[in-house]
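Asker: Fold the following.
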Amino acid sequence: MSRRPALLVAAAAFAALALAACDPLPPAPSGSPSASGSATPSAAASAPADTLASLPADAVLGVSAVVTEAGGASLQLTAIVHRSYAWDSTEGAPLAALMTNGCLGALEEAVYADQLWSFAEVDVTATPLAGSWAAGTEVAVHPTTEFLSLASDGALIELPGLAPEAPHCDRSRALTGAGEGRLIVGFHGDTDAVGAAGHFTRWANHRYGFAVASGLTLSACHAVVTELGASLGGGVASWSTVDDATACTTGSGLPEDTDS
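Answerer: Okay, the predicted model is just below:
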């Protein structure tokens, strides 16, 4: 199904990451999330113990890592993926509005209604650990616009598109230092309406986390799938994690859906 008018797709910096030698990420064991729906990382986690210790009730996934630049400055990175909501729901409508505002008329409510879109929020945080972070040094945030339309606010910046006129929703996002931001992700065919195939599970057909270029190093990569996330398709056997000096991403180990 055609999901929206053709857009100029952004150059998804750092998106072509190899999935070789990746270990599958299992769902969180039964009973690990608290009664409120949060999850507790395993004792073997390499990230600081409290980074993903208490996730929100509607979180499906948490990813954390430490990024260090050549001069020694470092940041604690955290991405918390919330469950997706129907475009016209109380939770989803504000996220849909952000997407519409960034798409220059290419995406709008009529498209969301016709194609049964859902929207998810990814909360991204970079907290100083040591040193003074060099201005303009970028950490790419996944997912990128290779497969998805995106909106954002807060500390996230837009990376260049293929052309100056590329809509904001066709530009991948990055962090350039300490701060907080929201990445808004849209999925088609993903509501609970009759005819929607996803039923709020299409988030699990994508990858989440961080990637860096030369001069930066990622370490202490850690991911937690919550009980809610496992019930909505996360952490299945086909999932994989890339954990090396240039990437900390987790999610589908299969070709990602095209949701843009």
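Asker: Output the below-cut-off pLDDT ranges for the stretch 101-250 of the chain.
Answerer: 162 (pLDDT under 70).
Asker: Name whatever forms a beta bridge with Thr127.
Answerer: Counting by DSSP bridges, Thr127 is bridged to Gln76.
Asker: Now do it against Thr258, distance only.
Answerer: From Thr127 across to Thr258, the span is 33 Å (C-beta to C-beta, to the nearest Å). C-beta coordinates here come from the backbone N, C-alpha and C atoms, glycine included.
Asker: out of those two, which sits in the busier spot?
Answerer: Higher neighbour count among Thr127 and Thr258: Thr127, with 15 against 12, using other C-beta atoms under 10 Å.
Asker: From Ser64, how far out is that one?
Answerer: Computed as C-beta to C-beta, the Thr127 to Ser64 distance reads 10 Å.
Asker: so what's in contact with those two at the same time?
Answerer: 76, 78 (C-beta atoms under 8 Å, 6 or more residues apart in numbering).
Asker: which non-adjacent residue is nearest Gly195?
Answerer: Spatially, and ignoring its direct neighbours in sequence, Gly195 is nearest to Leu116 (6.6 Å; C-beta to C-beta, 6 or more residues apart in numbering).
Asker: Roughly how far does the one you found sit from Ala196?
Answerer: Counting by C-beta to C-beta - Leu116 and Ala196 are separated by 4 Å.
Asker: Equivalent analysis for Gly71, please.
Answerer: Separation of Gly71 from Ala196 (C-beta to C-beta) stands at 49 Å.
Asker: Compare neighbour counts for these two and give me the winner.
Answerer: Of the pair Gly71 and Ala196, Ala196 is the one with more neighbours under other C-beta under 10 Å, namely 19 against 12.
Asker: what kind of secondary structure is that one in?
Answerer: Put simply, Ala196 is coil when judged by DSSP: H, G, I helix; E, B strand; the rest coil.
Asker: Make 24 the starting number, not 1.
Answerer: Happy to do that; since the first residue is 24 now, the last one works out to Ala219.
Asker: Is it correct that it is in contact with Asp213?
Answerer: Yes. The pair Ala219 / Asp213 is scored as a contact, 6.1 Å apart, by C-beta atoms under 8 Å.
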